[in-house]
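Asks: Requesting a structural model of the entry that follows:
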Amino acid sequence: MGENCERDNEQPRVPASEAHLSSAPHALEYDIVIVELFADPENGLSPEDAKGRLEKYGRNELDDKPGMRPVDILVRQIANAMVLIIALVVSFAVKSWIEGGVILAVVILNIVVGFIQEHDAEKTMDSLRSLSSPTASVIRHGRTLVIPTGELVPGDVVELKMGDTVPADIR
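Replies: Prediction:
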């Protein structure tokens, strides 16, 4: 979403979370959200308005880049601990064995904890990607349509039935 669009003479996309609302959508009353998003609960968005919002805010999708491999996570954690590793080398070079041993323990602990946290975060993102609903029922131009969830935009009126997976971060 933060891509450089100057060569295509396009406006950069605005994240949907930055839509011009007086407050965070979850903190606003239903009626206020409707007014501020220029939504119509009865007829939904017009096709033209939905297309314009899709161009402005971009697709409703999580990044589909593959998760990081464990080796990449480990390399990144070692790079993050580089200052400590340099201090470790200096400590051992000047024969400060106790300080070097303490720094070594801190480096190992830092790398292990960072690796576990980042690996768990990657697994969580992968599971979120697999849980997402492929389609959503929305009201557009007075009719109920089934559209890919990537085409949901701020202001869409989403119909949910019992057992449906919520197709987006909606209010």
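
Asks: Let me see the domain layout of the protein.
Replies: 6-62+133-159, 70-130 (automatic domain parsing).

Asks: Least reliable of those by average pLDDT, please.
Replies: With a mean of 81, domain 6-62+133-159 has the lowest mean pLDDT of those.

Asks: circling back: rebuild the domains of the chain as CSV, extending it with distance to residue 166 and mean neighbour count.
Replies: In this view, the C-beta of every residue, glycine as well, is placed from N, C-alpha and C. Converted to CSV, the domains of the chain look like this (distance: least, CB to CB, whole Å; neighbours: other CB atoms under 10 Å):
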stretch, distance to residue 166, mean neighbour count
domain 6-62+133-159, 7, 15
domain 70-130, 12, 14
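
Asks: How about residue 145: what's its closest non-neighbour residue?
Replies: residue 138 (5.8 Å; CB to CB, 6 or more residues apart in numbering).

Asks: likewise residue 159?
Replies: residue 137 (4.2 Å).

Asks: and if you look at residue 99?
Replies: residue 91 is the one closest to residue 99 (CB to CB, 6+ apart), at 4.6 Å.

Asks: Likewise for residue 115?
Replies: residue 77 (5.1 Å).

Asks: Run through the residues that contact the one you found.
Replies: Shown in contact with residue 77 (CB atoms under 8 Å, 6 or more residues apart in numbering): 110, 111, 114, 115, 118.

Asks: wait, what's in contact with the third one?
Replies: Residue 114 makes contact with 77, 80, 81 under the criterion CB under 8 Å, 6+ apart.

Asks: could you measure it against residue 99, distance?
Replies: 22 Å (CB to CB, to the nearest Å).
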